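Visitor: No sequence on hand, only this structure:
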């Protein structure tokens, strides 16, 4: 049974270009109950993204090689929402199949700070991959204070992830 308080609630965290206009978008709160994977990027980008999403079911890492094999298998086969910040060449090659059509490994490597490629799970359906940018208003409001590194915020520690996957 769905929680009625979450119906139609959207957590806005980024902007994308839609038909020439900047459009803020987010993830429905109920879709945030499923695992979300954030890979790559700087500590600051991951921190801002984690703060904006304000959820606990996030696995965030800098490199896929940091994750155990079971976790990688889970990401490629079970996770719907994947957010890729600037990736290493190795990770870009691995994730290219998730972000095609639309993005090559080179595109994933060459994202600027604050930019991301996303594939969202929306109402149990996968979206086409698309590019977005962290909402600049949210980023600017957070630059005035020091952000915690992702390891201090809501990342799931490797040992906890391994327990979940058992």
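Guide: Right, received. Where do you want to start? Since the structure is predicted, the reported quantities are computational estimates derived from the model, not experimental observations.
Visitor: Which positions within the one helix or strand residue 73 maps to qualify as buried?
Guide: Assigned by DSSP states H and E, residue 73 falls within helix 69-78. By 16 or more other Cβ atoms under 10 Å, the buried positions in helix 69-78 come out as 71, 74, 75. The way it works is simple: take the backbone N, C-alpha and C, and place the C-beta from them, glycine included.
Visitor: neighbouring strands for whatever helix or strand comes next after that helix, and are they parallel or not?
Guide: Of the helices and strands lying after helix 69-78 in sequence (DSSP H and E), the nearest is strand 81-84. Sheet pairing of strand 81-84 (DSSP bridges) gives strand 36-39 (parallel), strand 115-119 (antiparallel).
Visitor: quick check: mean pLDDT across the shortest one?
Guide: So that's strand 36-39. Averaged across strand 36-39, the pLDDT comes to 66.
Visitor: Ok, the last one next?
Guide: In this model, strand 115-119 has an average pLDDT of 87.
Visitor: Which neighbouring elements make contact with whichever helix or strand comes after it?
Guide: As assigned by DSSP H and E, the chain's next helix or strand after strand 115-119 is strand 121-122. Applying 3 or more Cβ pairs under 8 Å, 6 or more residues apart in numbering; DSSP states H and E, we find strand 121-122 packed against no helix or strand.
Visitor: Sheet-wise, list the partners of strand 121-122 with their directions.
Guide: strand 125-126 (antiparallel).
Visitor: Past the partner strand, which element shows up next along the chain?
Guide: For strand 125-126, the following helix or strand on the C-terminal side (DSSP H and E) is strand 130-134.
Visitor: the inter-axis angle of that next one versus strand 115-119?
Guide: Going by axes from the mean of the first three to the mean of the last three Cα atoms, to 10 degrees, strand 130-134 is angled at 130 degrees with respect to strand 115-119.
Visitor: quick one: buried residues of stretch 121-135?
Guide: Neighbour-count burial for stretch 121-135 flags 121, 129, 130, 131, 132, 133, 134, 135 (criterion: 16+ other Cβ under 10 Å).
Visitor: Of the residues you listed, just say which sits nearest to residue 16.
Guide: Distance to residue 16 across the buried residues of stretch 121-135 (Cβ to Cβ) is lowest for residue 132, with 4.2 Å.
Visitor: among the helices and strands of this structure, which has the poorest mean pLDDT?
Guide: Every helix and strand of the chain was ranked by mean pLDDT, DSSP states H and E. The lowest is helix 136-143, at a mean of 52.
Visitor: May I see the buried residues of stretch 113-122?
Guide: 114, 115, 116, 117, 118, 119, 120, 121.
Visitor: Great, nothing more from me.
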